[in-house]
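Peer 1: I'll drop the sequence and a predicted model, then ask my questions.
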Amino acid sequence: MTPVKQLYWLIATLGNISAVVLYFMWPGVWAGLLLLITVLYTLLGIYDLNYSSHTLNRLYPVLAYIRYMMESIRPEIQQYFIANNMEEKPFNREQRELVYRRAKGVNDTLPFGTQQDLMQTNYLSIWHSLHPKVVKEESKRISIGSSQCTQPYSASLLNISAMSYGALSSNAIEALNCGAKAGGFYHNTGEGGVSPYHLKHGGDLVWQIGSGLFGCRNEHGRFDEKKFNAVATNNAIKMIEIKLSQGAKPGHGGVLPKAKITDEIAAIRGVSQLHDCVSPAMHPECPTPLALMTFVAKLRELSGGKPIGIKLCIGHPAEFLSICKAMIDSEILLDFITVDGAEGGTGAAPLEFSNRLGMMCLEGTYIVNQALIGCGLKQEIRIIAAGKTASSFDVLAKMAVGADTVNAARTMMMALGCIQSRSCNTNHCPTGVATQDPKRSKALDIKAKSQRVTQFQHNTLHSFYELIGSMGLDDPALLTPGMLKRRTSEGLLESAPNIVPALENKQLVNNHASALWQEWWHLANTEAFYVADSAPLRAKTIPVQNL
């Protein structure tokens, strides 16, 4: 018998007897309270010893609940009292404070010097110039649309990444869209479809169509042209994005827990409320690269010539080259490619998928950019980098390796008030951002929070332009991968592109690329995405982390 069991029986016997005697000899509030406590303790212990399914409760009756209580508040204790400014994941306190300050429009400067370890292996930095410049106004937006697009879109350099209504509350969606409208940047709908809350404030939208085809599916879950056309021709919809995979869970469909599926969400998506809404892992309209391009052409026609793109996390580079080959063979072009990173966020994902699959955003963006250059397609197609974006340096790093513009999701949530409680999959978000509980979500002030979204985007870009100017550049398009410097394990600085070799225009299609690129190119197949992983990477070819 454990000491806790001995304590239990002592209280259940002598404790109860003493409490009864005390109550009858000196009746009163305190005596009655003591008797109530001993009786409840005894009853709870009987349940633990005889009926509980938890071993801890059977061995440590009643007191085991203290452990469960402490475990439930461990993240908060860690966040507020133990972790230092650099320790927390995915966003440390320094990053979150920066987002909050820029969203509020208050002083975002750093006193007394950096807290970063500048000698840390893989630490990224840039070199400044003694001749700073001012970024040209005309370079602060980018036109998205290939020669096959008849309605190109002028995009800001920082926008709201994909977050669905369902994953986020209606008030959060409204605040994001209202903020995008005021700031002149776009708002990606996420794969959950276009809701009334996306349209209410008139902000520019990128309609994401995932494997669930929410908002344009028939009763069998397949693509419905009429439903798509009815939404895609709305003036608020500026671009359409086909989601092939997501960085936080590549190879896995989207997940919306049934606890968050309201009547309205079920109607918008066309799904049941009886179980979790899980999208297929494979997009049903895009089983092969050539089928993808056929689908792209169909969406472009049905939308009236709006930019059509894809979103994916890069896995095997040869599979992305299969898409490039399909564009060349079919003569159908994508207008943009959104590259998500393995470090990206999600409301719900299996742990192994988030931890172990996919390339990080910088690596994937570099691969995509070089592949498009090698195929002679880069001038037609814009690259949008997603992944983890908290600071202006994050924007700069992504654009240096090939992105034309950048998306941010979790930091936009922080601008709304998200405190990184990591309860997005429970419907118990404490700030009303990632929940469908009306008691929680109604506390989110749409007008006030939309202003913070606008201010975060504006202030982050303002800092970005200052960084660009400090490098002696007047246009972000002048950034190159070599401008990023990485700290090696020996403590030396090296230019970041010491990875997969860079390509020149049409070098792949002309068979003049390096051996590794040529092997990937020959493995690429327009009739199937899957490629056997038979081309090993060497440690000196691509690093384990970052670039």
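Peer 2: Everything's here; your move.
Peer 1: Surely residue 154 is in a strand?
Peer 2: Yes: Residue 154 forms part of a strand when assessed by DSSP: H, G, I helix; E, B strand; the rest coil.
Peer 1: Spatially nearest residue to it, not counting backbone neighbours?
Peer 2: The shortest distance from residue 154 to any non-neighbouring residue, by C-beta to C-beta, 6 or more residues apart in numbering, is to residue 141 (5.0 Å). From N, CA and C alone the C-beta is placed, and that goes for glycine too.
Peer 1: Just to check, that neighbour is in contact with residue 156?
Peer 2: Yes: between residue 141 and residue 156 a contact is recorded at 6.1 Å, counting by C-beta atoms under 8 Å.
Peer 1: quick one: low-confidence ranges for this structure?
Peer 2: 497-499, 539-547 (pLDDT under 70).
Peer 1: hmm, back to that, give the burial count for the residue nearest to residue 154, as a bare number.
Peer 2: A count of nearby residues for residue 141, using other C-beta atoms under 10 Å, gives 15.
Peer 1: any idea how far residue 135 is from it?
Peer 2: Remark: distance between residue 141 and residue 135 (C-beta to C-beta, to the nearest Å) = 12 Å.
Peer 1: And for residue 236?
Peer 2: 29 Å.
Peer 1: Next: residue 117.
Peer 2: Counting by C-beta to C-beta - residue 117 and residue 135 are separated by 30 Å.
Peer 1: The two: which is more packed in?
Peer 2: More crowded of residue 117 and residue 135, by other C-beta under 10 Å: residue 135, with 18 against 10.
Peer 1: List the contacts of that one.
Peer 2: 465, 468-469, 473-476 (C-beta atoms under 8 Å, 6 or more residues apart in numbering).
Peer 1: In three-state terms, label residue 159 for me.
Peer 2: Residue 159 is classified as strand under three-state DSSP.
Peer 1: Name all residues that make contact with it.
Peer 2: 180, 185-188, 206, 384, 405-408, 457.
Peer 1: now swap in residue 421 and tell me
Peer 2: So residue 421 contacts 75-76, 429-431 (C-beta under 8 Å, 6+ apart).
Peer 1: how does it look with 7 Å?
Peer 2: Applying C-beta atoms under 7 Å, 6 or more residues apart in numbering to residue 421 gives the contacts 429-430.
Peer 1: any idea how far residue 164 is from it?
Peer 2: 19 Å.
Peer 1: How about residue 222?
Peer 2: 20 Å.
Peer 1: Give the residue from these two that has the larger number of neighbours.
Peer 2: residue 164 (25 against 11).
Peer 1: So the residue nearest to residue 458 when sequence neighbours are not counted versus residue 412, what's the distance?
Peer 2: Spatial nearest neighbour of residue 458, chain neighbours left out: residue 183 (5.9 Å); criterion: C-beta to C-beta, 6+ apart. For residue 183, the distance to residue 412 (C-beta to C-beta) stands at 11 Å.
Peer 1: Ok, residue 89 next?
Peer 2: Taken as C-beta to C-beta, the span from residue 89 to residue 412 is 19 Å.
Peer 1: who's more crowded, the two?
Peer 2: Using other C-beta under 10 Å, the more surrounded residue of residue 89 and residue 412 is residue 412, with 30 against 9.
Peer 1: Restrict stretch 109-129 to CA atoms and write it as PDB.
Peer 2: Extracted C-alpha coordinates of stretch 109-129, given in PDB (Å, rounded to 0.1, in the frame of the first residue of the first chain):
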ATOM      1  CA  THR A 109      12.800  49.700 -30.600                       C
ATOM      2  CA  LEU A 110      15.200  47.500 -28.600                       C
ATOM      3  CA  PRO A 111      17.100  48.900 -25.600                       C
ATOM      4  CA  PHE A 112      20.600  48.000 -24.500                       C
ATOM      5  CA  GLY A 113      21.600  45.700 -27.400                       C
ATOM      6  CA  THR A 114      20.700  42.400 -28.900                       C
ATOM      7  CA  GLN A 115      19.800  39.300 -26.800                       C
ATOM      8  CA  GLN A 116      20.500  37.000 -29.700                       C
ATOM      9  CA  ASP A 117      23.500  34.700 -29.900                       C
ATOM     10  CA  LEU A 118      25.200  36.200 -33.000                       C
ATOM     11  CA  MET A 119      27.700  33.300 -33.100                       C
ATOM     12  CA  GLN A 120      25.000  30.600 -33.100                       C
ATOM     13  CA  THR A 121      25.400  28.100 -35.900                       C
ATOM     14  CA  ASN A 122      23.100  28.900 -38.900                       C
ATOM     15  CA  TYR A 123      22.400  32.400 -37.600                       C
ATOM     16  CA  LEU A 124      21.300  34.500 -40.500                       C
ATOM     17  CA  SER A 125      22.300  38.200 -41.000                       C
ATOM     18  CA  ILE A 126      22.900  40.700 -43.700                       C
ATOM     19  CA  TRP A 127      25.700  43.200 -44.500                       C
ATOM     20  CA  HIS A 128      24.800  46.900 -44.500                       C
ATOM     21  CA  SER A 129      26.200  49.600 -46.800                       C
END
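Peer 1: Going by neighbour count, list what's buried in that stretch.
Peer 2: 124, 126 (16 or more other C-beta atoms under 10 Å).
Peer 1: Residue 229: what secondary structure?
Peer 2: Residue 229 ends up helix, using three-state DSSP.
Peer 1: Cross-check the contact I'm expecting between it and residue 300.
Peer 2: No: with contact defined as C-beta atoms under 7 Å, residue 229 does not count as touching residue 300 (11.9 Å).
Peer 1: ranges for the helices of the stretch 101-250 of the chain?
Peer 2: Secondary structure of the stretch 101-250 of the chain (DSSP state H, counting those that start in this stretch): helices at 170-183, 196-199, 225-232.
Peer 1: Kindly apply the preceding question to the stretch 401-547 of the chain instead.
Peer 2: Under DSSP H, counting those that start in this stretch, the stretch 401-547 of the chain gives helices at 410-416, 438-441, 446-470, 515-523.
Peer 1: Name the residues that touch the last one?
Peer 2: So the one you mean is helix 515-523. Counting by C-beta under 7 Å, 6+ apart, 317-318, 321, 374, 500-501, 503, 508, 511, 513, 531, 535, 541 sit against helix 515-523.
Peer 1: Also the shortest one?
Peer 2: With C-beta under 7 Å, 6+ apart as the contact definition, helix 438-441 has outside contacts at 169-171, 429, 432, 435.
Peer 1: same deal with the longest one?
Peer 2: By C-beta under 7 Å, 6+ apart, the residues outside helix 446-470 that reach it are 99, 102-105, 108, 128-129, 132-135, 157-158, 171, 174-176, 178-179, 182-183, 185, 392-393, 395-396, 412, 415-417, 476.
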